[in-house]
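Peer 1: when you get a sec, could you give me coordinates for this:
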Amino acid sequence: MSTSKVTVRMDETVKKQFELVLDGLGMNLSTGINVFARAVIRHGGFPFELNDPFYNEANMQRLAHSEQQAERGELIYKTAEELGLDDE
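Peer 2: Okay, the predicted model is just below:
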């Protein structure tokens, strides 16, 4: 099996916490990232539910609308006010 080197930027605190959890599971950072990559491949996406508030229904609709505009070559919103984000 051929391997490649991957560089990942991560918040230092997140990295340390991640390494602590992985250490408790008996693996290092490289192994943990490989396990995650294989799980994503096996599931065809994230192997867990994303509970990030960014992925709420309103934001997903805004993103879909912006994608449609971009595909049609229409003007893309420039400010939070134009996106309707200032009233949240």
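Peer 1: now for Gly44, how many residues are close by?
Peer 2: 7 (other C-beta atoms under 10 Å). All C-beta spots, glycine's among them, are computed from the backbone N, C-alpha and C.
Peer 1: what does the one 5 residues further on give?
Peer 2: Neighbour count for Glu49, taken as other C-beta under 10 Å: 7.
Peer 1: please report how far it lies from Thr79.
Peer 2: 32 Å (C-beta to C-beta, to the nearest Å).
Peer 1: same question, Ser30
Peer 2: Ser30 is 42 Å from Thr79, by C-beta to C-beta.
Peer 1: more neighbours: those two, which one.
Peer 2: Ser30 (12 against 8).
Peer 1: any idea whether that one is helix, strand or coil?
Peer 2: helix (DSSP: H, G, I helix; E, B strand; the rest coil).
Peer 1: state the distance from it to Phe18.
Peer 2: Using C-beta to C-beta, Ser30 is found at 12 Å from Phe18.
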